[in-house]
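A.B. asks: Sequence and computational prediction follow.
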Amino acid sequence: MSEQVPIDREAGLRMYADFLRAHPDVPPQPDVEVVCFGDRPDLADELGGFIVDGFKRATASLVAGYVAAGEPLPPLGAYWVCCDGSGQPRAILRTTELRLGPFRSVDTQFAWDEGEYDRTLQTWLAGHRSAYERQCARLGIEFSEDLEVCFERFVLVWPPDLAD
């Protein structure tokens, strides 16, 4: 998730409120995350595009990032708002699967589900290594393939014309 893009949390919460009004069977979730993918506005736009185009249905985050921010890992079944590179909400996602494991434990199916670029394991490894090296530098730790990663799958639930 982004540490470098200013997010319009209020706009994200308004989108979540719209979703709840349209789905009265969904219990409200108290601390809804409003986030964007990537660590630059252009990358957030690109990754958000993969989501709304239907390719990206997984993400992976360093556990060290959650620890450094004092945030809990995402709960299974949680709803969260994904924003673009300008910090505006694009979609509401729901976590359907979580797995913790070392960076080196990623497999070809997860790389495919993450839906980025050519969707191969080699591209996933190169892109995530680069992103995690930048994040580790900001956190003051050294990147290692043994670092724990939260591998997360999700579905897109809002807006209705994009929902899975």
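C.D. replies: Structure's in. What do you need?
A.B. asks: Just want the phi and psi numbers for Cys82.
C.D. replies: As for Cys82, its main-chain torsions (degrees, to the nearest 10) stand at phi -100, psi 130.
A.B. asks: Adjust the sequence numbering to begin at 21 for everything that follows.
C.D. replies: Okay, residue one is now 21; in that scheme the one you just asked about reads as Cys102.
A.B. asks: Find the nearest non-adjacent residue to it, please.
C.D. replies: Ala111 (4.9 Å; CB to CB, 6 or more residues apart in numbering). For the C-beta atoms, the positions are set from N, CA and C on the backbone; glycine is no exception.
A.B. asks: hang on, the one you found in a strand?
C.D. replies: Yes. Ala111 forms part of a strand when assessed by DSSP: H, G, I helix; E, B strand; the rest coil.
A.B. asks: any idea of the pLDDT on it?
C.D. replies: pLDDT, Ala111: 98.
A.B. asks: How about Pro26?
C.D. replies: 88.
A.B. asks: I'd say it and Gly107 touch.
C.D. replies: Yes. With contact defined as CB atoms under 8 Å, Pro26 reaches Gly107; the gap is 5.0 Å.
A.B. asks: more crowded one of these two?
C.D. replies: Gly107 (18 against 11; other CB atoms under 10 Å).
A.B. asks: Contacts only, for the more buried one.
C.D. replies: Residues in contact with Gly107 (CB atoms under 8 Å, 6 or more residues apart in numbering) are 25-28, 31, 56.
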